[in-house]
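Chemist: okay, structure incoming, though there's no sequence with it:
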């Protein structure tokens, strides 16, 4: 059984497993989701799950996940998207082969006990320290899907500033700051407000206002509940934990100020373009933010791009060329 795929499937259902000591697993799951079949599968593969979840360094919990630790080639480090999870990157093993080590960098806070970070520069600094535990010196091979590409971009900048070589920086349909700029409303949000204003003009304006007030109140309530858990050293419930991490990651992404990267970006992006949104720019907002931008368009939409076989094939080719 592929442990990474199994854990990813559990997370998609709201079930989270974490190690507690050398031989114990703790399971966080909303009531009724943990079926007898799932329990039996976890028990049957407990040793493999513990081995997979074991921290790469000596910390009790680490953002560094060894998706495939074996292999003689230089490791590829791939940063989480806005959801914080990296188990979706396990699909890369089929394309990169058994000799290519792959490590994911998951969001700090997925353990439910650590406050998530809300700053891309701080994230990149933490992740760079984790990467150095596996590979102390460059060249480094970095990437990330969607928001993960922004963090990988900042990691590359920090490593360059420390005198390290970047062998590859690959962004998987990541949006740059020419579209998502500090203090500027993203195009999708602007379009959303335009739609709400149209409904207010042609329908009942108070229903729109009421829905917005309820949304703000619920959001504030969930934030308070999550912060109360952290203050009292209680795990944040799974149904709130991923929401809390996602909100923290959005805060980090929209407040990040890009500075130019002294190197090449490889942008693997979907072929979908849509006027009035961040998908209207074929360079996805990265113009002028690197010395060179190499674009590799493939068939697929933003939400499902990681699972596309063509992406795995293009990524494998990029890594082969970069490590040759």
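Modeler: On my side now, so go ahead. Computed from a prediction, not measured in an experiment: that's the story for all the values here. Residues are numbered from 1 along each chain as shown.

Chemist: check which helix or strand the closest residue to residue 244 other than its chain neighbours maps to.
Modeler: Of all residues not flanking residue 244 in the chain, residue 226 sits nearest, at 4.4 Å (CB to CB, 6 or more residues apart in numbering). C-beta: built from backbone N, CA, C; applies to glycine. Element membership for residue 226, per DSSP states H and E: helix 205-231.

Chemist: quick one: name whatever helix or strand follows that helix.
Modeler: In N-to-C order, the element after helix 205-231 by DSSP H and E is helix 238-255.

Chemist: what helices or strands is the helix or strand just after that next one leaning on?
Modeler: Of the helices and strands lying after helix 238-255 in sequence (DSSP H and E), the nearest is strand 261-270. Contact partners of strand 261-270 among helices and strands, from 3 or more CB pairs under 8 Å, 6 or more residues apart in numbering; DSSP states H and E: helix 147-161, strand 166-172, strand 290-298, helix 309-323.

Chemist: looking at these, which is closest to residue 18?
Modeler: Nearest of these to residue 18, taken as CB to CB: helix 147-161 at 21.4 Å.

Chemist: which other residues reach that closest one?
Modeler: Helix 147-161 is touched from outside by 77-82, 105, 120-121, 123-125, 127-128, 131, 138, 140, 142-144, 166, 169-175, 249, 252-253, 256, 258-259, 261-263, 265, 289, with contacts defined as CB atoms under 8 Å, 6 or more residues apart in numbering.

Chemist: same deal with stretch 295-308?
Modeler: With CB under 8 Å, 6+ apart as the test, stretch 295-308 has contacts from 88-89, 91, 145-146, 172-173, 266-272, 279, 282-283, 310-311, 314, 318.

Chemist: start to end distance for it?
Modeler: 17 Å (CA to CA, to the nearest Å).

Chemist: in that stretch, what counts as buried?
Modeler: Of all the residues in stretch 295-308, those buried under the rule 16 or more other CB atoms under 10 Å are 296-298, 300, 302, 305-306, 308.
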